[in-house]
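**Q** Turn this into a model:
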Amino acid sequence: MPQTIASDSGQLASLRVHAADNVRVALKDLPASTEIDDDGRTLRLDEAIRHKHKFTVRPLDTGEAVIMYGVTVGRATRPIPEGAAITTENTEHGTATTQPQARRGEWQAPDVTAFRDATFEGFHRPDGQVGTANAWLVVPLVFCENRNIEVLRQCVADALGEDPYRDYKHMARELLHGSAGAAPAEPPGERLFPNVDGVRFLTHTLGCGGTDDDAEALCQLLAGYICHPNVAGATVLSLGCQKAQIGMLRDAVAERDPDGLRPVHYLEQQASQSEEALIREALTTIFDGLAEANNVTRAPAPLSALTLGVECGGSDGFSGLSANPLVGAVVDRLVALGGSGILSEFPELCGVEHELIARCTDDTVASRFQNLMEAYQQHAARVGADFSMNPSPGNIRDGLITDAMKSAGAAKKGGDSPVVDVLDYTEPRTKAGLNLLCSPGNDVESTTALAGSGANLILFTTGLGTPTGNPVTPVIKISSNSELAERMSDVIDFDAGPIIRGETSIDELAEQLLRLCIDAASGCYRPRALKLAQHDFIPWKRGVSL
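**A** Numbering: from 1, shown residues only. This next block holds a predicted model:
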């Protein structure tokens with residue numbers, strides 16, 4: 001979706017994102033009566049405008065559309081004078097189908113000459129997939145096994161000497177007993193399995209007590225993780241009597257791995273002699289699996305083997321101006337190189353459907369997107385929800401007043417390349433290029449879905465800060481503003497703030513971020529979420545979450 005940016009003369013104080021917009025974005029706190037140069041016309045602010053918030057460039061009547069990014073992002077609920085702030089008191093969610101800026105078949109791919117021969121060091125799987133990591137997975141088929149999963153987690157961490165919370169445990173002992181009485185944290189020794197990134201343990205609250213569809217969706221999601229290119233194999237714990245049966249998961253795995261190339265061990269507690277026997281057998285499969293996985297080493301792979309999942313969380317009023325279009329520029333470059341991107345969070349595409357439809361490669365793809373969007377809205381309506389309820393208090397506080405406003409900026413993560421396929425929740429990506437994935441806007445549920453559909457690297461933008469990670473896919477965090485990057489430097493990997501300050505262009509930073517992606521995919525760079533052992537996994541209970 002092309003955009004033109006008009007700025008104030010002199011110091012950059014506000015932006016009109018698109019020529020058709022009737023609002024501007026404050027790039028810093030602006031006092032009342034500040035004079036703004038709006039494309040050669042001077043307007044005076046009617047009130048003080050906080051940075052990241054929007055203000056009108058002309059008076060708006062009740063019911064009139066609020067336009068940003070060239071699309072409708074709300075409607076005035078009362079007259080709004082020129083130079084006044086857009087707030088929840090004077091604006092409500094609203095969308096309208098307008099003439100799309102995109103045109104089918106007219107995408108101009110960016111120049112990727114600098115990356116044409118680039119490769120990353122990945123783990124090549126027997127089925128032809130390439131991983132950016134190499135992990136053994138331990139998963140429960142039902143929440144009843146969560147306790148046993150936790151037992152295994154602690155036992156494996158202790159046996160391998162790879163407890164990610166070692167330093168925090170030392171801190172706790174020191175706080176309780178004082179520095180004199182606290183035993184120092186033991187430094188990690190030589191790794192037993194240097195070619196393996198670790199064992200990842202999933203827990204969840206599903207598997208029984210829900211509908212048949214819930215059980216089937218869980219098995220499809222778990223199969224996506226078990227067959228993920230970043231996973232060497234898996235140990236599965238089942239109670240036995242639950243709704244999500246081992247046979248269902250076997251079938252789901254077979255759909256993705258028909259030749260049975262991925263080792264998967266299924267253990268059932270109700271068929272075991274004792275809990276001790278179950279834990280012993282599970283530990284045996286894990287350690288044997290680690291030994292086998294350690295035989296796989298990194299080797300060069302083309303960038304076409306990368307699939308970038310794109311996600312946003314804790315968004316602010318700058319996300320759609322800096323971090324999101326930056327990620328979109330990286331996706332466009334990867335697609336031009338033969339790689340893939342996955343754009344999810346359907347509630348955060350509300351209001352820009354016409355733009356995405358115009359980018360679909362054919363009518364079949366466009367119809368599937370429309371049908372899934374409509375079905376999702378109907379699911380939400382049945383539990384008393386609506387897409388307009390998506391923005392969080394933090395979003396609103398930082399300038400994202402309506403869902404359509406949030407969506408117009410969120411969609412920028414998908415860049416401008418053609419939409420080659422539309423995936424329902426848990427479906428695997430099979431076509432190279434940009435894919436749309438039906439998922440909620442909830443950060444962790446959507447990130448969980450992206451990995452389940454095959455993303456082997458995730459770019460996550462944030463304006464407010466979030467520690468979200470994933471058990472099997474490295475997650476790179478991009479901040480929309482430099483203040484966040486400095487304040488949460490232990491969480492943020494890349495700063496898009498220079499774009500807001502006008503110090504660099506999106507194109508310049510996109511090349512830097514793509515190089516960071518290559519480093520992360522090669523294991524040369526460990527994203528902050530991985531260092532923090534932030535392994536978040538939450539399946540989506542369909543229709544409940546936005």
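
**Q** now the residue nearest to the spatial centre of the chain: how far from residue 455?
**A** Compute the mean C-alpha point of the chain, and by Cα atoms, centre = their mean the closest residue is residue 311, 2.6 Å away. Remark: distance between residue 311 and residue 455 (Cβ to Cβ, to the nearest Å) = 9 Å. C-beta here means a position set from N, CA and C on the backbone, and glycine is covered the same way.

**Q** same thing with residue 221?
**A** 13 Å.

**Q** same check, this time on residue 414
**A** Taking Cβ to Cβ as the criterion, residue 414 is separated from residue 455 by 13 Å.

**Q** Equivalent analysis for residue 491, please.
**A** For residue 491, the distance to residue 455 equals 20 Å [Cβ to Cβ].

**Q** Comparing those two, which shows the higher neighbour count?
**A** Neighbours were tallied for residue 491 and for residue 455 using other Cβ atoms under 10 Å; the higher tally belongs to residue 455 (33 against 22).

**Q** nearest spatial neighbour of the more buried one, skipping sequence neighbours?
**A** residue 309 (3.0 Å; Cβ to Cβ, 6 or more residues apart in numbering).

**Q** Confirm that neighbour sits in a strand?
**A** Yes - with the criterion set as DSSP: H, G, I helix; E, B strand; the rest coil, the secondary structure at residue 309 is a strand.

**Q** hey, what's it bridged with?
**A** Residues found in beta-bridge contact with residue 309 (criterion: DSSP bridges) are residue 342, residue 458.

**Q** Would you check that it makes contact with residue 452?
**A** No - here residue 309 does not reach residue 452: they are 9.7 Å apart, not a contact under Cβ atoms under 8 Å.

**Q** between those two, which one's more packed in?
**A** More crowded of residue 309 and residue 452, by other Cβ under 10 Å: residue 309, with 32 against 29.

**Q** residues touching the more buried one, list them.
**A** Contacts were defined as Cβ atoms under 8 Å, 6 or more residues apart in numbering; by that measure residue 309 touches 341, 342, 344, 447, 450, 451, 453, 455, 457, 458, 459, 473.

**Q** if we can go back for a sec, state the number of residues packed around the spatially closest residue to the residue nearest to the centre of the chain that is not a sequence neighbour.
**A** By the measure of Cβ to Cβ, 6+ apart, the closest residue to residue 311 outside its immediate chain neighbours is residue 460, 4.7 Å from it. With neighbours defined by other Cβ under 10 Å, the count for residue 460 comes to 29.

**Q** Show me where the stretch 301-450 of the chain has its helices.
**A** Ranges of helices within the stretch 301-450 of the chain are 323-336, 353-359, 363-382, 393-397, 403-410, 443-452, based on DSSP state H, counting those that start in this stretch.

**Q** before we move on, what about the stretch 101-250 of the chain?
**A** 146-160, 166-177, 212-226, 246-256.

**Q** For the third one, buried residues please.
**A** Of the residues in helix 212-226, those buried by neighbour count under the rule 16 or more other Cβ atoms under 10 Å are 214-226.

**Q** partners of the top strand by length along the chain in the sheet?
**A** Counting residues, the longest strand in the chain under DSSP state E turns out to be strand 231-238. Within its sheet, and counting by DSSP bridges, strand 231-238 is paired with strand 135-140 (parallel), strand 264-268 (parallel).

**Q** so which of those is the most packed in?
**A** For the strands paired with strand 231-238, the largest average neighbour count (mean count of other Cβ atoms under 10 Å) is found in strand 135-140, namely a mean of 26.

**Q** just checking, residue 324 touches residue 414?
**A** No - with contact defined as Cβ under 8 Å, residue 324 and residue 414 do not form a contacting pair (9.0 Å).

**Q** coming back round to it: go through the contacts of residue 309 and single out the one with the most neighbours.
**A** Highest neighbour count within those: residue 455, with 33 neighbours (other Cβ under 10 Å).

**Q** if I pick that one, what's in contact with it?
**A** Contacts for residue 455 (Cβ under 8 Å, 6+ apart) come out as 307, 308, 309, 342, 429, 473.

**Q** Go through these and name the one nearest residue 516.
**A** residue 308 (11.9 Å; Cβ to Cβ).

**Q** Distance of the nearest residue to the closest one once chain neighbours are set aside relative to residue 507?
**A** Distances taken as Cβ to Cβ, 6+ apart put residue 341 closest to residue 308, at 4.8 Å, once the chain neighbours are dropped. Applying Cβ to Cβ, the value for residue 341 to residue 507 is 17 Å.

**Q** same check, this time on residue 416
**A** Taking Cβ to Cβ as the measure, residue 416 and residue 507 are separated by 13 Å.

**Q** Look at these two and report which has more neighbours.
**A** It is residue 416, of residue 416 and residue 507, that has more neighbours when counted by other Cβ under 10 Å, with 23 against 12.

**Q** Sketch out the low-pLDDT regions of the stretch 251-400 of the chain for me.
**A** Along the stretch 251-400 of the chain, the parts satisfying pLDDT under 70 run over 385-391, 398-399.

**Q** now do 90
**A** By pLDDT under 90, the low-scoring segments of the stretch 251-400 of the chain are 314-318, 321, 347-355, 374-400.

**Q** same thing with the stretch 1-150 of the chain?
**A** Scanning the stretch 1-150 of the chain for pLDDT under 90 picks out the ranges 1-21, 38-40, 51-52, 65, 67-74, 88, 92-106.

**Q** all strands in it, in order from the N-terminus.
**A** Secondary structure of the stretch 1-150 of the chain by DSSP state E, counting those that start in this stretch: the strands cover 6-7, 14-16, 23-26, 35-38, 41-44, 54-56, 65-68, 71-76, 91-92, 119-124, 130-131, 135-140.

**Q** now the last one and helix 212-226, what's the angle there?
**A** When axes from the mean of the first three to the mean of the last three Cα atoms, to 10 degrees is applied, the directions of strand 135-140 and helix 212-226 differ by 160 degrees.

**Q** thinking again about what came up before, need the strands of the stretch 1-150 of the chain in TSV (columns: distance to residue 480).
**A** Putting the strands of the stretch 1-150 of the chain into TSV (distance: least, Cβ to Cβ, whole Å) gives the following:
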stretch	distance to residue 480
strand 6-7	17
strand 14-16	13
strand 23-26	12
strand 35-38	22
strand 41-44	26
strand 54-56	15
strand 65-68	16
strand 71-76	17
strand 91-92	22
strand 119-124	26
strand 130-131	30
strand 135-140	30
